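Undergrad: When you get a sec, could you give me coordinates for this:
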Amino acid sequence: MQVPQNAVIAVADGEKLSLFQNEGNALDIKLKAIPSDEIDGSKIPSGARHSSSAANPDDSQQDEDGFSNGVTEMLNKQVLDGKIKSLVIVAAPRTLGEMRKSYHKQLSAVLVGELDKDLTGHTVQEIEKALEAA
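TA: Alright, predicted model coming up:
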């Protein structure tokens, strides 16, 4: 995957978010960790707040979905505020699916790539390799 210089890379799962900026170029990715805004994990999708049962996700899954929605809301805000000009999202498959439901059209416009892998907890070098291989 070609990641433009200065693109923001969001690496997320249902519990953790790490943000990076590509200080290299599209073909030579060099990630640097950057701070993220506070995530509101209470962003449960409408209609999803039910008690746990065989037909409904357990509380921990609802918490993960809420965190995923909080991450997307924070990214949407940063895009709308002009802080993110190009974005790559790397997330566990379920998390990525949950996040996609809440993408603002402006976020979709600056989104240059998605990678459906859980790379939270991996080293920066492993994330760079995964992006270059995608």
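Undergrad: which residues of this protein fall in helices?
TA: Along the chain, counting by DSSP state H, helices occupy 59-80, 93-100, 105-110, 124-133.
Undergrad: Throw those helices into CSV and include distance to L19, thanks.
TA: Just so you know, the C-beta spots here come from the backbone N, C-alpha and C atoms, and that holds for glycine as well. Formatted as CSV, the helices of the chain follow (distance: least, C-beta to C-beta, whole Å):
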stretch, distance to L19
helix 59-80, 9
helix 93-100, 14
helix 105-110, 14
helix 124-133, 11
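Undergrad: any weak-confidence spans in the chain?
TA: By pLDDT under 70, the low-scoring segments of the chain are 41-63.
Undergrad: got a list of what the nearest residue to K30 once chain neighbours are set aside touches?
TA: Distances taken as C-beta to C-beta, 6 or more residues apart in numbering place G24 nearest to K30, at 3.4 Å, with adjacent residues excluded. Residues near G24 by C-beta atoms under 8 Å, 6 or more residues apart in numbering: 5, 30-31.
Undergrad: Torsion angles phi and psi at G24?
TA: Note on G24: its backbone torsions stand at phi -90, psi -150 [degrees, to the nearest 10].
Undergrad: From H104, how far off is it?
TA: 28 Å (C-beta to C-beta, to the nearest Å).
Undergrad: before we move on, the earlier item: which one among the contacts of G24 gets closest to V110?
TA: Q5 (14.3 Å; C-beta to C-beta).
Undergrad: burial count for the closest one?
TA: By the measure other C-beta atoms under 10 Å, the count of residues near Q5 is 14.
Undergrad: pretty sure it contacts D28?
TA: No - the criterion here is C-beta atoms under 8 Å, and Q5 misses it with D28 at 9.6 Å.
Undergrad: Fine by me, we can end here.
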